[in-house]
Every structure is written in structure tokens, then in C-alpha cells.
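In: The following comprises the amino acid sequence and a computationally predicted model.
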Amino acid sequence: MAASRQQQPQEQQQQAAQRQHPQQPSSPDERAQAQTHADAHQPLIFVLIGPGGAGKGTLAAELTAQDPTLWLSRSWTTRPPRPGEADRNAYKFVDRPTFEAAIAEGRFYEWAEFLGNLMGTPVFNPPPGADVLLEIDIQGARQVLEHQPDATVILLLPPSFEILEQRLRARGDDEEHVQRRLRVGEQEVGQGREIASYTVVNDTLGQALADLAAIVERTRKAAPGAAATPEDS
């Protein structure tokens, strides 16, 4: 595909580039209209759940990197960071007293205790015009649905529990934690199926990412007030 793209006439390349990167509002009136539209936007909420080791963190980071209008809420946790997590800013790692103080101050949209650690989603404030992606556990997802029944819950699954076990070991979890994760994971899959709108199997990163992006696009098109596209008309 890349080679055929390079062989296009210059005019066709320019037209293709304009479709991929539409012209930004240039006049003050156009910019004001665009800002008004962003301010009026009611963010859609996407909730990514699944057993530990399914790849939620990696896919959430990849999805928001390729879609600048999807904002990832950064969760808090009292567990210690795994190798590489602190560097990529995956979570806000805090001690239990700090977390409990934030609970008392009402700073969480949802929170829960999981495997002895506190985890929670701060009250979020996404950029204007952006939708929200939450990467949380089943307990948190249930709380989100209580606040926002129209949130889109996506259950991410490994191809098999044998592969899930391999992934847990590969990320450095000790044997006791691996076994606990596997036991809890079976429960999470069953409970997740009860509340999920979609299920995605993370066999290969590229395909799972494409599946998630398609769900986001489909949900946006079906949302009340969504603008019609030429393909829809």
C-alpha cells in the first residue's frame, strides 16, 4: 500500500493528505464555532476491563496515542509499579494514607480494593471535545455504570488462560501473585461478560488495536447528535 501511495500523481497525493489532515479553522468566526462545538461536546465514556495480563494497559496507551480525541484517565493505585510502568506514566502510584485522604475528599469517580491494593479513577476533566477511556477493574466498571449507564464497556480477553499465565510470568509477577491473578481472572471474565457491550480477544496487538478503534468509531457514529458522514448519507 505504501508503494502505490508514492506512485500517485502529486495532485492526488495532495487530495489524500487533505482528507487525512483536514484544514483547521482559520478565521476568528470559524475558530469560535469550533470551540463552541467542543465546549458543547458531551464526552463518551469507554471502559476497558479484563483479567490482569490481558494487555489492557498496552492497548489503552496505543489506542489513545493514535486517537488524539480519546483521553486516557490516569488511575491511582497503592500497589508498587512493575518494571517500566513508572517510566511510561501508566498510573499515579501513591501510598495508602494518600489514597485514603483522597477518598475522604471525594476526589474519585470510582475506587475499589483489589488483591490488597486500592485502585481508583479520579474525577476526570478531559480536554474540550475529547472522549474518555478508563482502564479499570470489574468493580470500578460497575461503579461507572451506576453513574453513567450509557458508558461503553469493552472486555479484553487473552486467547487462552495458558497464554495469560505466560504473560503474567513474563511481566515479572511472582508465583503466588500469578496463581491469585489466574483464579481471580476466571471470575473477572465471567463477571465481565455480564456487563460488557463488546468483547475483544488480544491475540495480536495490531488486530486487537484495530478492533478497539472500530468499536470507538462505531459508538461515536451512533451517539445522539453525531454528525452524518458522506458514507452514512
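Out: Now that the structure is in, tell me what you want to look at.
In: how about W76, phi and psi?
Out: Backbone torsions of W76, given as degrees, to the nearest 10, read phi -100, psi 150.
In: got it, and L133?
Out: phi -120, psi 130.
In: And for it, the neighbour number?
Out: By other C-beta atoms under 10 Å, 25 other residues sit near L133. (Glycine included, C-beta is placed from N, CA and C.)
In: And P126, by the same measure?
Out: 17.
In: show me the contacts for it.
Out: With contact set as C-beta atoms under 8 Å, 6 or more residues apart in numbering, P126 has these partners: 43, 71, 73, 132.
In: Take these and keep only those in strands.
Out: Members of the contacts of P126 lying in strands (criterion: DSSP state E): 71, 132.
In: Does anything pack onto whichever strand or helix holds L155? Which helices or strands?
Out: In this assignment (DSSP states H and E), L155 forms part of strand 152-157. Judged by 3 or more C-beta pairs under 8 Å, 6 or more residues apart in numbering; DSSP states H and E, strand 152-157 is in contact with strand 45-49, helix 138-147, helix 175-195, strand 198-201, helix 205-222.
In: Single out the most deeply packed of these.
Out: strand 45-49 (a mean of 25; mean count of other C-beta atoms under 10 Å).
In: Parallel or antiparallel, which strands does it pair with?
Out: strand 131-135 (parallel), strand 152-157 (parallel) (DSSP bridges).
In: which residues of the chain score low on pLDDT?
Out: 1-40, 84-90, 226-233 (pLDDT under 70).
In: quick revisit: which one of the strands paired with strand 45-49 lies closest to L164?
Out: strand 152-157 (8.7 Å; C-beta to C-beta).
In: Can you add distance to Y109 and give the strands paired with strand 45-49 back as JSON lines?
Out: Below are these laid out as JSON lines (distance: least, C-beta to C-beta, whole Å):
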{"stretch": "strand 131-135", "distance to Y109": "8"}
{"stretch": "strand 152-157", "distance to Y109": "15"}
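In: Sounds good, over and out.
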